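Q: Just need the structure, nothing else, for what follows:
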Amino acid sequence: MHTKEAPVPVVDVAQLSDPHLLAAAVVEALSTTGFLFVRGHGLEDRVERMFRIAEHFFRNETPEEKLRLDPSKPAPDLKEGFNLGYIRPGQQAQATQPLPQLLEEHASELADFQHACFAFCQRLLQAFAVALDLPPGFFSSRHHEGPDSRSILRFLHYPSIPPGAQVDPNRAGAHSDYGSLTLLFQRKNGGEGLQILPTSEPLDGGKWQDTGIVNDALLVNVGDALELWSGARLKSTLHRVVLPTPLPADGVPERFSIAWFNQPTPDASLRTCVDVTSISENDLARMERKGVKPGSEITADEHLQARLASTYNLSRSS
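A: Model prediction:
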């Protein structure tokens with residue numbers, strides 16, 4: 001059921017176990033704005049536990065690398081993050097990367113959460129296939145878990161901004177995501193700031209829209225791989241995180257968020273699954289700026305390399 005609690009539509013999927021019902025509920029939003037708030041996803045308790053782990057980590061150990069998204073910006077993004085690759089589940093959970101001690105001690109929980117995110121994405125991918133009149137497993141069968149998976153769990157921390165600070169409003173530069181799907185978990189006590197640039201808006205001077213935050217809902221957005229794969233039936237939308245302008249008199253509280261970046265199997269073919277001639281000129285132009293051509297034979301890894309090579313040209317005028 002759709003509600004209008006935020007500029008981005010909200011859907012409760014708790015009772016939508018059938019892929020056809022789920023498709024009917026979610027595809028309209030993901031084919032227009034490319035973003036959708038989802039309630040009833042079943043991850044609520046795990047999410048709160050992940051936030052507690054992330055908060056403890058960022059407050060007690062400095063991440064080795066600060067993430068920077070938009071290199072066209074002269075100032076670095078006002079955030080820090082830590083990426084977690086595949087962790088083999090079990091009592092003796094094993095990560096495919098060295099983990100800081102503060103995260104190593106939670107490896108089993110982290111592995112369980114990764115699996116839960118992956119499973120929810122599989123459910124959505126089956127619905128997308130049904131919506132495009134494809135076999136239900138068309139997309140989901142081309143995703144997997146394992147040491148060679150490119151999917152990433154990312155903990156993010158946006159530091160607080162004190163009153164009167166002179167800072168760039170950019171918290172995370174304008175970008176679109178590379179993979180098939182992203183799940184974003186947020187909390188209201190960290191403030192808002194996530195904005196999207198609808199695909200109908202011009203890249204130069206287009207109107208950014210606040211997504212808002214919906215309690216107990218995760219935010220789903222389509223990535224570039226799925227946009228190419230679906231012939232832009234599902235939209236990968238430019239988004240960013242910004243500070244309020246002007247800054248509030250009492251400053252801005254710190255913000256934590258958690259993202260799951262779902263990636264197809266590296267050798268999966270992303271050849272567009274619909275008639276390329278049906279893709280609009282606007283969508284063709286957007287995908288061209290991303291360095292990819294609908295209808296071409298390309299694997300998920302080749303697509304990823306193409307997106308890296310054209311780093312965020314989408315955020316610049318053509």
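
Q: The closest residue to residue 194 other than its chain neighbours and residue 244: what is the separation?
A: The shortest distance from residue 194 to any residue other than its chain neighbours is 4.8 Å, reached at residue 211 (CB to CB, 6 or more residues apart in numbering). Using the backbone N, CA and C atoms, a C-beta is placed for each residue, glycine as well. Distance from residue 211 to residue 244, counting by CB to CB, to the nearest Å: 14 Å.

Q: Ok, residue 306 next?
A: If you measure residue 306 against residue 244 using CB to CB, the figure is 35 Å.

Q: And for residue 202?
A: Between residue 202 and residue 244 the distance, using CB to CB, works out to 24 Å.

Q: Likewise for residue 260?
A: Applying CB to CB, the value for residue 260 to residue 244 is 27 Å.

Q: before we move on, back to that, wait, the residue nearest to residue 194 touches residue 219, no?
A: Yes. Taking CB atoms under 8 Å as the definition, residue 211 is a contact partner of residue 219 at 6.7 Å.

Q: what residues are shared contacts of those two?
A: Both residue 211 and residue 219 are contacted by 8, 35, 194, under the criterion CB atoms under 8 Å, 6 or more residues apart in numbering.

Q: Keep only those of the residues you listed that are in strands.
A: Here DSSP state E is the test, and these give 35, 194 as lying in strands.

Q: Which of the shared contacts of residue 211 and residue 219 sits closest to residue 173?
A: Within the set of the shared contacts of residue 211 and residue 219, residue 194 lies nearest residue 173; the separation is 12.6 Å, counting by CB to CB.

Q: beta partners of that closest one?
A: With DSSP bridges as the criterion, residue 194 is bridged to residue 241.

Q: Now do the contacts for it.
A: For residue 194, the set of contacting residues under the criterion of CB under 8 Å, 6+ apart consists of 184, 186, 210-211, 213, 219, 239-241.

Q: of all those residues, which two lie farthest apart?
A: Of all the pairs that the contacts of residue 194 form, the one spanning the most space (CB to CB) is 213 and 240, at 15.4 Å.

Q: ok, back up a step: out of the contacts of residue 194, which end up buried?
A: Buried by 16 or more other CB atoms under 10 Å: 184, 186, 211, 213, 219, 239-241, out of the contacts of residue 194.

Q: hang on, the earlier thing: if you count what's nearby, which of residue 260 and residue 244 comes out ahead?
A: Here residue 260 and residue 244 are compared on neighbour count by other CB atoms under 10 Å; more neighbours surround residue 260, at 25 against 13.

Q: Give the bridge partners for the more buried one, please.
A: residue 153, residue 183.

Q: Low-confidence bits of the stretch 51-200 of the chain, can you list those?
A: Applying pLDDT under 70 to the stretch 51-200 of the chain picks out residues 62-77, 190-191.

Q: do that again at 80, thanks
A: By pLDDT under 80, the low-scoring segments of the stretch 51-200 of the chain are 61-79, 91-93, 164-172, 188-192.

Q: Tell me where it has helices.
A: For the stretch 51-200 of the chain, the helices defined by DSSP state H, counting those that start in this stretch cover 101-104, 107-131.

Q: residues near residue 234, how many?
A: When neighbours are counted by other CB under 10 Å, residue 234 registers 26.

Q: residues contacting it?
A: 27, 30-31, 34, 128, 222, 226-227.

Q: With residue 37 instead?
A: If you count contacts by CB under 8 Å, 6+ apart, residue 37 has them with 5-6, 8-11, 214, 217-220.

Q: Please tell me how far it sits from residue 27.
A: Taking CB to CB as the criterion, residue 37 is separated from residue 27 by 15 Å.

Q: Ok, residue 95 next?
A: Separation of residue 95 from residue 27 (CB to CB) stands at 35 Å.

Q: repeat for residue 194
A: 22 Å.

Q: what do you get for residue 17?
A: The value you get for residue 17 to residue 27, if CB to CB is used, is 16 Å.

Q: Which one's more surrounded, those two?
A: Neighbours were tallied for residue 17 and for residue 27 using other CB under 10 Å; the higher tally belongs to residue 27 (20 against 9).

Q: Tell me which residues are up against stretch 106-119.
A: Applying CB under 8 Å, 6+ apart, the set of residues contacting stretch 106-119 from outside is 42-43, 46-47, 49-50, 53, 84, 86-91, 93-95, 99, 103, 143, 145, 151, 153, 183, 260, 262.

Q: ok now do the residue nearest the centre of the chain, which residues does it touch?
A: The residue at the geometric middle of the chain, judged as the C-alpha nearest the mean C-alpha position with CA atoms, centre = their mean, is residue 182 (2.7 Å). Applying CB under 8 Å, 6+ apart, one finds that residue 182 lies in contact with 220-221, 223, 259-262.

Q: Would you reformat the residues you listed as a markdown table and include distance to residue 206 and pLDDT?
A: Shown next, in a markdown table, are the contacts of residue 182 (distance: CB to CB, whole Å; pLDDT from 0 to 100):
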| residue | distance to residue 206 | pLDDT |
| --- | --- | --- |
| 220 | 22 | 96 |
| 221 | 17 | 96 |
| 223 | 20 | 95 |
| 259 | 24 | 97 |
| 260 | 27 | 98 |
| 261 | 25 | 97 |
| 262 | 27 | 98 |
